[in-house]
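S.K.: after the sequence you'll find the predicted model.
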Amino acid sequence: MTRLVIHIGDCKAGSTAIQSVLRQGSYETSVERPLYAESGRRGALNHHPLSNALFMKEASKWRDRAWSSLSEEVRNSGRTTVISSERFEFADPLALRDVLVEFLPDVDVKLVAYIRPHLERVVSGYVQNVKQGLFDGELDAFLGQLHKTGRFQFVPRLVQWRKVFGDALHVRPMVRAELAGSCVATDFLSFVCEAPVEVTKIASSNPSLSAPALALVRALWRELGTNRAGNSPQVKALNSFAAALETSDPYRAEKVMMSRKQAQRAANIFVSDAVRCDSEFFGHSVLCDANSRYLDDAPGIVQELAAPPDAVEISRIWLMASRAKRTDGNPHATAAHWAALR
């Protein structure tokens, strides 16, 4: 029977590493390699168009075309096919089941989800939300929001996926000691190939901003205020700046982290979910132990999220320059533009 493996996330749980290795084919195995489907990504790293079509109104118009194209590719491949998008995390499992029944009814489908321990996920989620201009407060306020909304509570969502897909759903912890080869890409490909795999290179990673760099980006978002239309030149410029900072962060050594008091608060919020995850999906203490280790290593002092003043001022001027309307077709600010903005 034709086989399809769908990597459904989660966000901030090794997706970029998995997708990078799949796209580059930078691994060795003794069995036939799976096909990393071209349908739904067109050379890109991931298959977001396939997942987006299940829950985003604008993308839904491409649903039939995208999934029909995948169906044809899967049937013609003659081997195991893989698709990967962490955005399946936001889709209704029933919506995925419906497209599979419609377009791939005779295909053996397996789903794989990786989840990151709660306390690590809180920090990565905070960094991501601040970086994208979606949250402007401190970590304590973010914890309050999580407690109120139930975000990062894994069990309710994963149970729904299991109700729909049963044993076809495989949940793995994003914990090195639990992963084949202590590597999420190795672990995933070993599952797909059903054989040992050696990853030779991970060409892309998804690094996180340091505390000073995140404070700098937050200051720039504050500079924009409410003028945050997603297609505006300044928002595009700021998003590009934040992405560039991730790969060339001058403050890389100072990571964003919770204090011991904050970590204890987070542990209290997620303790029940961690216990249930360990019991229902892993069969032993995994997330609970990881959360305990984070708590043990957390510093006693609350981290101040502050950027160097000079960096803020220079970046503010740069952001102002990105707002300038050019009439000569030159996308670069000239000396005259800089002078006009002072």
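M.R.: Yep, it's here.
S.K.: any chance you could map the helices in the stretch 101-250 of the chain?
M.R.: 118-131, 139-149, 154-165, 184-193, 211-224, 233-247 (DSSP state H, counting those that start in this stretch).
S.K.: which one of those lies nearest to Y27?
M.R.: Closest to Y27 of the helices of the stretch 101-250 of the chain, according to C-beta to C-beta: helix 184-193, at 5.7 Å. Glycine gets a C-beta too; all of them are placed from N, C-alpha and C.
S.K.: that older thread, same list (the helices of the stretch 101-250 of the chain) but as a markdown table, adding mean pLDDT and distance to G78.
M.R.: Compiled in a markdown table, the helices of the stretch 101-250 of the chain are given as follows (pLDDT from 0 to 100; distance: least, C-beta to C-beta, whole Å):
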| stretch | mean pLDDT | distance to G78 |
| --- | --- | --- |
| helix 118-131 | 96 | 38 |
| helix 139-149 | 96 | 45 |
| helix 154-165 | 98 | 24 |
| helix 184-193 | 98 | 16 |
| helix 211-224 | 90 | 47 |
| helix 233-247 | 85 | 38 |
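S.K.: quick check: which of these is nearest to Q303?
M.R.: helix 211-224 (6.0 Å).
S.K.: list of residues touching that closest one?
M.R.: 127, 130-131, 133, 136, 209, 228, 234-235, 238, 241-242, 245, 249-252, 254-257, 303, 305-308, 311-312, 315-316, 319 (C-beta atoms under 8 Å, 6 or more residues apart in numbering).
S.K.: so how far is V107 from E73?
M.R.: From E73 over to V107 the distance is 11 Å, taken as C-beta to C-beta, to the nearest Å.
S.K.: cool, and A66?
M.R.: From A66 over to V107 the distance is 16 Å, taken as C-beta to C-beta.
S.K.: ok, these two, which is more surrounded?
M.R.: Between A66 and V107, counted using other C-beta atoms under 10 Å, the more crowded position is A66 (23 against 15).
S.K.: can you check the pLDDT for the more buried one?
M.R.: On pLDDT, A66 comes in at 96.
S.K.: also A229?
M.R.: So A229 comes in at 62 (pLDDT).
S.K.: cool, and S322?
M.R.: For S322, the model assigns a pLDDT of 66.
S.K.: equivalent analysis for T327, please.
M.R.: In this model, T327 carries a pLDDT of 42.
S.K.: where exactly do the strands run in the stretch 1-150 of the chain?
M.R.: Assigned by DSSP state E, counting those that start in this stretch, the stretch 1-150 of the chain shows strands spanning 3-7, 27-29, 35-36, 81-84, 108-115.
S.K.: quick one: neighbours of D98, just the number.
M.R.: The burial count for D98: 14, using other C-beta under 10 Å.
S.K.: correction: R316
M.R.: 15.
S.K.: the nearest residue to V175 once chain neighbours are set aside and K110, how far apart?
M.R.: Nearest non-adjacent residue to V175, counting by C-beta to C-beta, 6 or more residues apart in numbering: A290, 5.4 Å away. Plainly put, A290 is 25 Å away from K110 if you go by C-beta to C-beta.
S.K.: the more surrounded of these two?
M.R.: A290 (23 against 18).
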